[in-house]
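Asks: Build the 3D model from these lines:
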Amino acid sequence: MSMAALREAVKVGEITDQHLKDIRDTFNLLDTDHDGKLTKSELAKLLRYTGSLKSEAEMEEILAPIDTDHNGSIDYDEFKKYIIEKGILKSLADEVCYEMQDAFNVFDRDKNGYIDKEELKRVLTQVGDKMPEALADEFIKEADLNGDGKIDYAGFKHKYR
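Replies: Prediction:
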């Protein structure tokens, strides 16, 4: 699923099976003792690691809106509800879209909204991990959706999503 589709799905409340899988995978990763709930200490480890947690009072502030049944831990349903309601999926999708636009802008030197095939081919075959010319031609052909010899942002997203 493209990032634009993910943003739109979250915006209109259509959460897909892939979204639910991603949420479940994240929950399982945080649930280090695999007991089906996230404890304060499990969340604290993550938040301390990321530098987001400074004190026990902050932990209480973070936990309170997620722990809707007030039992001191977060089960999967509470976690999923919080992720969806707070737009965390949307935030992640937006961040990826911004990064893709930035990457496109690096290639679009004249800022006309297109990447010239020859410029992209030069970069693919001469910079970084050099791609063989034949493979670069195929790569560009796939990204040039309308066959006009230029790659627009839609073609760039199509190739890199």
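Asks: In contact with E78, which residues are there?
Replies: By CB atoms under 8 Å, 6 or more residues apart in numbering, E78 lies in contact with I66, D67, T68, D69. For every residue, glycine as well, the C-beta is placed using N, CA and C.
Asks: Would you show me how to pick out the buried ones of these in PyMOL?
Replies: Here is the PyMOL command that selects the buried residues among these (16 or more other CB atoms under 10 Å):
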select buried, resi 66+67
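Asks: how about CSV for the contacts of E78, with distance to S41, secondary structure and pLDDT added?
Replies: Listed next are the contacts of E78 as CSV, based on distance: CB to CB, whole Å; DSSP: H, G, I helix; E, B strand; the rest coil; pLDDT from 0 to 100:
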residue, distance to S41, secondary structure, pLDDT
I66, 15, helix, 87
D67, 14, coil, 90
T68, 20, coil, 91
D69, 19, coil, 92
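Asks: now, which of the contacts of E78 sits nearest E142?
Replies: I66 (42.6 Å; CB to CB).
Asks: The closest one against I74, yeah?
Replies: Yes. I66 lies in contact with I74 (CB atoms under 8 Å); the separation is 5.1 Å.
Asks: which residues do those two both contact?
Replies: Common contacts of I66 and I74 (CB under 8 Å, 6+ apart): Y82.
Asks: my guess is K80 is in a helix, correct?
Replies: Yes. The assignment for K80 is a helix, going by DSSP: H, G, I helix; E, B strand; the rest coil.
Asks: tell me which of the contacts of E78 is nearest to T125?
Replies: Using CB to CB, I66 comes nearest to T125 of the contacts of E78, at 49.7 Å.
Asks: Dump the C-alpha coordinates for stretch 64-84 into CSV.
Replies: C-alpha atoms of stretch 64-84 as CSV (Å, rounded to 0.1, in the frame of the first residue of the first chain):
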residue,chain,number,x,y,z
ALA,A,64,-3.1,7.3,31.8
PRO,A,65,-4.8,8.0,28.5
ILE,A,66,-3.8,4.6,27.1
ASP,A,67,-4.8,2.5,30.1
THR,A,68,-8.6,3.0,29.7
ASP,A,69,-9.6,0.3,32.2
HIS,A,70,-7.1,1.7,34.8
ASN,A,71,-5.6,-1.6,35.7
GLY,A,72,-2.0,-0.4,35.4
SER,A,73,-1.2,-2.2,32.2
ILE,A,74,-2.1,-1.8,28.5
ASP,A,75,-3.6,-4.7,26.6
TYR,A,76,-3.6,-5.0,22.8
ASP,A,77,-7.1,-3.4,22.4
GLU,A,78,-6.1,-0.4,24.4
PHE,A,79,-2.9,-0.1,22.5
LYS,A,80,-4.6,-0.4,19.1
LYS,A,81,-7.3,2.1,20.0
TYR,A,82,-4.7,4.6,21.2
ILE,A,83,-2.6,4.2,18.0
ILE,A,84,-5.6,4.7,15.8
